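Peer 1: Provided below for reference: sequence and predicted model.
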Amino acid sequence: MTPRRGVALLGATGSIGETAQRVLRRHPDRFRAVALTANGNQAALAAAAAEWAPAMVGLVTPDGSALPASWRTGAAALLEAVRHPDVEIVLNAVVGAAGLEATLAALVAGKRVALANKESLVLGGVLVQRAARAGGGEVVPVDSEHSALLQCAAGRVGGDGEGLLPLRGVRRLILTASGGPFRTWGTERIRGAQLADALAHPTWQMGRKISVDSASLANKALEVIEAHVLFGVPYDRIEVVVHPQSIVHSMVEFDDGSVLAQLGVPSMELPVLYALSYPDRLEDSGVPIFDPVASSPLEFQPVRHDAFPTLGLGVAAGRRGGAAPAVFNAANEAAVSRFLAGSLEFRGIPGTIGAALDALADHPADDLPALLAADAAARTLVKEYR
Ligand code: NDP
Ligand code: MG
């Protein structure tokens, strides 16, 4: 019998965390939950802990009510979870920059990071690569586009190229974007969009932050940077195409011109499962079945950059490098949290990010303290932006 692999589930109470729990439930002979963490949702974390009886439970921001004596608290709980000796795979499903240090610690400890927390790679791409080299850990993406790219390029990973999973013989990466809820809206109507409009994603059910990112296409900017850091493909060979059905999850073009795509109904079940089982595939009856006839027709459209300026801002920040991606990420997080709280209009998101980049893109970025300082400066600027 194959020994069961221990999993730390960071962000166990979120959208990806819940998907991951469903996947783990279907594979009790392969995986066991060793550590579970959440930010503040004590009730959901307690329910998960009762089900899995993990060795470690961490609640980062308790609200003061009584907790089981064994629970750990504070951001250090994430680090303790990833370093637990029985943890082989860290599924990082924390939202935002708060996930970076856990990613770094897991890689330094030589673990696999099944990474949903794309912000880790955008904020700390260079540091993540250093940590993986130093500790021998590996990153396997959970993001559906990057899972698709990895699946298309399986067998061509490795070698001395740049990136966490350098690809051989690849000419171009084509990331698909659903286009979000405003795909067909005019530019003026988008500028006046309300919160409920932005949260109504046509094809994916996700947490609030990534839903807003999908409406502004900030999510696709984060994903272009994520693809560059993961696979080492230069920015001018990473393209984005709008694909409203979210059936083709992304495509890889090889040196001979052949293009492979990975298809499936929009569901995070398979990307989560694949990040746990990679490079193997496990038999699984819970991943929704794809029906080509029901899914047709498949359409592809160009991105409307004039209507979605956040995408261009983010990709430019990625190309610029240094602190720019960290500033983009932090400014976006801060702008989205203001939009969610009602103190910034949707139209204000790209403007505030642009202002943060103008002021801070040349901030030092040599090590973690420098990047965290750039991140903090961007958040302060956006909070105070009028
Ligand atoms: P959710 O908001 O649904 O869940 C976030 C999880 O992270 C919750 O468990 C939350 O705990 C925890 N958390 C929030 N803040 C902190 C913090 N400061 N420290 C520790 N834990 C924290 O987000 P999603 O599941 O939608 O997204 C998670 C990540 O996965 C994001 O990076 C997103 O971009 C990425 N992703 C998500 C996809 C999706 O389909 N949802 C698809 C592809 C990528 P609590 O519940 O206690 O607040
Ligand atoms: Mg994605």
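Peer 2: That came through fine. Being a predicted model, the structure only gives us computed values, none of them experimental. Ligands and ions are numbered 1, 2, ... in the order given.
Peer 1: name the residues of the stretch 101-250 of the chain found near ligand 1, please.
Peer 2: 116, 117, 118, 119, 143, 204, 206, 207, 209, 210 (Cβ under 6 Å from any ligand atom). (Each C-beta comes from the backbone N, C-alpha and C, glycine too.)
Peer 1: hmm, try it at 8 Å
Peer 2: Counting by Cβ under 8 Å from any ligand atom, the residues of the stretch 101-250 of the chain lying close to ligand 1 are 116-119, 142-144, 204-211, 213, 219, 222.
Peer 1: in the stretch 1-150 of the chain, what residue comes closest to ligand 1?
Peer 2: For the stretch 1-150 of the chain, the residue closest to ligand 1 is residue 14, as judged by Cβ to the nearest ligand atom, at 2.0 Å.
Peer 1: tell me how far the closest residue to residue 381 other than its chain neighbours lies from residue 363.
Peer 2: In this structure, residue 381 finds its nearest non-sequential neighbour in residue 356, 5.0 Å apart by Cβ to Cβ, 6 or more residues apart in numbering. According to Cβ to Cβ, to the nearest Å, residue 356 and residue 363 sit 10 Å apart.
Peer 1: just checking, the residue nearest to residue 381 is part of a helix?
Peer 2: Yes: per DSSP: H, G, I helix; E, B strand; the rest coil, residue 356 lies within a helix segment.
Peer 1: relative to ligand 1, how far out is it?
Peer 2: Per Cβ to the nearest ligand atom, to the nearest Å, residue 356 is found 19 Å from ligand 1.
Peer 1: so that residue is in contact with residue 331, correct?
Peer 2: Yes: Residue 356 is within contact range of residue 331, at 3.6 Å (criterion: Cβ atoms under 8 Å).
Peer 1: find residues that contact each of those two.
Peer 2: Common neighbours of residue 356 and residue 331 (criterion: Cβ atoms under 8 Å, 6 or more residues apart in numbering): 378, 381, 382.
Peer 1: restricted to helices, list those.
Peer 2: Using DSSP state H, 378, 381, 382 are the members of the shared contacts of residue 356 and residue 331 that sit in helices.
Peer 1: which residues of the stretch 251-386 of the chain fall in strands?
Peer 2: Applying DSSP state E, counting those that start in this stretch to the stretch 251-386 of the chain gives strands spanning 259-263.
Peer 1: most proximal residue of it with respect to ligand 2?
Peer 2: residue 271 (8.5 Å; Cβ to the ion).
Peer 1: before we move on, back to that, out of the shared contacts of residue 356 and residue 331, who has the most neighbours?
Peer 2: The residue in these with the most neighbours, by other Cβ atoms under 10 Å, is residue 378 (31 neighbours).
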